[in-house]
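**Q** Give me a model of this one.
(one chain, ligands or ions: 1)
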Amino acid sequence: MTIVTCDRMWNAAITEPHPVTVRPMSRLADTGLFLREFVKDPLHTAAVAPSSPTLAAAMTGPLPAAGEPVVVELGPGTGAFTEAIQRHTGGRCRHIAVELHPGWAELLRERHPGVDVVLGDVRDLATILADRGVTSVDAVVSGLPWVAYVPSPGGRPLHTVITDVLAPTGVFTQFAYTWTRWAPPARRQLADLRAHFADVVISRPVWRNLPPAVVYEARKPQPTSRT
Ligand SMILES: C[S@@+](CC[C@H](N)C(=O)[O-])C[C@H]1O[C@@H](n2cnc3c(N)ncnc32)[C@H](O)[C@@H]1O
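**A** Presented below is the predicted three-dimensional model:
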């Protein structure tokens, strides 16, 4: 079975929406992929199943639904949030998704031909955006694990790259599993978020997710390079 959606290819030359065929997500099959990858690389995979549609809705609800926003997705995995971003924006966003896992990047390209899927490390985000001429982003949706926030030696912390490119009215969302929220790396991640955004709201737990999670919704970025 195929699903036809109305993704819009972001291309200056193409301005009208066009239909694309998307290989449908199967949560069961994707959970199998996650379990296998979790056994191989628990630190980067960081989950035993893709996020649920309920968590995806909570992560993407704060995004602008009107206009043609620029959305950057970090760690899209098998596309739980990718799908939700496309639906929320009616396929009208410029959507750049950065994924480390080659197989998942390829799967995402197949499922969402209208999304600019970058096979790469978020630690290279500044270059990835500069290469595309992106200087202002309306929303960043992150499914990243803690480890992805550790900068490479001499590299810039990811939060500063994000706040430097996020529009003053922009929003950043990140989830955290409720049962590991009090572990030191998770506390550091939240403290870091509060240091880089003037406004951080924590959602109620989303119980319909394996495991349950909360969403951090961060606004009013405090950029280091723009004053
Ligand atoms: C917890 S999974 C979340 C996947 C998906 N967003 C979801 O919620 O179902 C973390 C994802 O981040 C990706 N990832 C981890 N480190 C990364 C990095 N440094 N750069 C890009 N992606 C990374 C992993 O490959 C994986 O797809």
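
**Q** CA atoms for contacts and neighbours, from now on please.
**A** Fine.

**Q** Partner strands of the lengthiest strand in the chain and their direction?
**A** Longest strand in the chain, counting residues (DSSP state E): strand 166-177. Sheet pairing of strand 166-177 (DSSP bridges) gives strand 137-142 (parallel), strand 213-221 (antiparallel).

**Q** got the contact list for residue 119?
**A** Shown in contact with residue 119 (C-alpha atoms under 8 Å, 6 or more residues apart in numbering): 98, 99, 100, 101, 102, 105.

**Q** Mean neighbour count, distance to residue 88 and mean pLDDT added to the strands paired with strand 166-177, as CSV?
**A** Formatted as CSV, the strands paired with strand 166-177 follow (neighbours: other C-alpha atoms under 10 Å; distance: least, C-alpha to C-alpha, whole Å; pLDDT from 0 to 100):
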stretch, mean neighbour count, distance to residue 88, mean pLDDT
strand 137-142, 24, 12, 98
strand 213-221, 22, 16, 98
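
**Q** of all these, which lies closest to the ligand?
**A** Nearest of the strands paired with strand 166-177 to the ligand, taken as C-alpha to the nearest ligand atom: strand 137-142 at 6.8 Å.

**Q** quick one on the thing from earlier: write the PyMOL selection for whichever of the contacts of residue 119 are buried.
**A** Only the buried entries of the contacts of residue 119 go into this PyMOL selection, using 16 or more other C-alpha atoms under 10 Å:
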select buried, resi 98+99+100+101+105
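
**Q** Can you flag which of the contacts of residue 119 belong to helices?
**A** Judged by DSSP state H, helices contain the following of the contacts of residue 119: 102, 105.

**Q** and this protein, which residues reach the ligand?
**A** By the rule C-alpha under 6 Å from any ligand atom, the part of the chain lying against the ligand is 44-47, 50-51, 74-77, 79-81, 98-101, 120-122, 143-145, 148.

**Q** Now, of these, which are buried?
**A** Applying 16+ other C-alpha under 10 Å to the residues of the chain next to the ligand flags 44-47, 50-51, 74-77, 79-81, 98-101, 120, 122, 143-145, 148 as buried.

**Q** And the contacts of stretch 202-212?
**A** Here stretch 202-212 makes contact (C-alpha under 8 Å, 6+ apart) with 48-49, 51-52, 54-55, 177-179, 213-217.
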